[in-house]
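Chemist: Structure of the sequence below:
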Amino acid sequence: MYSIQKNQIEKIENQSIYIVGGIFTIIALIGILLDVIIGNITGGNLLALPQSAVDRFIQLQQNPLLGLYNLDFLNIINQMIMIITYFALFITHSKTKNPYALLAFIIFIIGSTIFVTNNVALQMLELSNKYTSSVTESQKLLFAAAGEGLLARGAHGSLGVLIGFALPNIAGIIMSFVMLKEKVFGKLNSYIGIIGSFLMTIYVVLVAIVPSVKGMATLFAMPGGLLCMTWMIMFTIRFFKLGFAKK
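Modeler: Below is the predicted model of the structure:
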């Protein structure tokens, strides 16, 4: 009797996690869609971004939201939201005790943590305000040098962001293979996740390591991003089906 009650409680708790995971994934999808729209409006060419710290400061003063967007601020918000999604994916496969589901979740958390801690958007905004309010040329030079150091560490496409971007996509590949094996989400959903995450991994590696191809990096980012969004939509639907199944 106790065992039955325990299983029922566990099932109810898991179903709540599925629903919460689905809700957070929808929020993340809205953020990703917003990212795609803004990227298309602004051209999506990384070479067109302000290249120097002073140019970044100017953009942050003229259009703070665009300046923060170009420093991946929207991406770090989405990344933190997606932690809940990956936790729900892990819980979905917890009954089978597949170790790779846990591995994917851990890799995603590590990658997200690295990405968030390496992001310099708010620091650049603060430096921008100090640069603008500076009254001497020596102060401006000091803040500009500090800005260049931050950009080298955390600008979009910099080596400092490579690991933080790549690890979550690698986690997506691993989780998609888990989904393929456990058959909770369906083969099509799994294959879409594998291909989409693989293309996004290629994109972030090219952007960081091969600067000469930054202009064409969207050739991988666009299909990869669309496939990842489709993957997310499909498993979100499944989340809600599992969450609202009869208890």
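Chemist: C-alpha only now, for contacts and for neighbours.
Modeler: Fine.
Chemist: What would the helix or strand harbouring residue 55 look like as CSV? C-alpha coordinates only.
Modeler: Assigned by DSSP states H and E, residue 55 belongs to helix 53-62. Extracted C-alpha coordinates of helix 53-62, given in CSV (Å, rounded to 0.1, in the frame of the first residue of the first chain):
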residue,chain,number,x,y,z
ALA,A,53,35.2,48.9,-27.3
VAL,A,54,34.6,52.6,-28.0
ASP,A,55,32.2,51.7,-30.8
ARG,A,56,30.4,49.3,-28.4
PHE,A,57,30.2,52.1,-25.8
ILE,A,58,28.6,54.4,-28.4
GLN,A,59,26.1,51.8,-29.4
LEU,A,60,25.2,51.1,-25.8
GLN,A,61,24.6,54.8,-25.2
GLN,A,62,22.6,55.3,-28.4
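Chemist: Tell me which residue lies nearest the centroid of this structure.
Modeler: Per CA atoms, centre = their mean, the C-alpha nearest to the average position across the chain is that of residue 79, at 3.9 Å.
Chemist: Could you look up the SS state of residue 95?
Modeler: Under the three-state scheme (DSSP: H, G, I helix; E, B strand; the rest coil), residue 95 adopts coil.
Chemist: So what does it look like in phi/psi?
Modeler: Per-residue torsions, residue 95: phi -60, psi -40 (degrees, to the nearest 10).
Chemist: what's the next secondary structure element after the helix or strand containing the residue nearest to the centre of the chain?
Modeler: Following DSSP H and E, one finds residue 79 within helix 73-92. Downstream of helix 73-92, the first helix or strand assigned by DSSP H and E is helix 99-118.
Chemist: All set, thanks.
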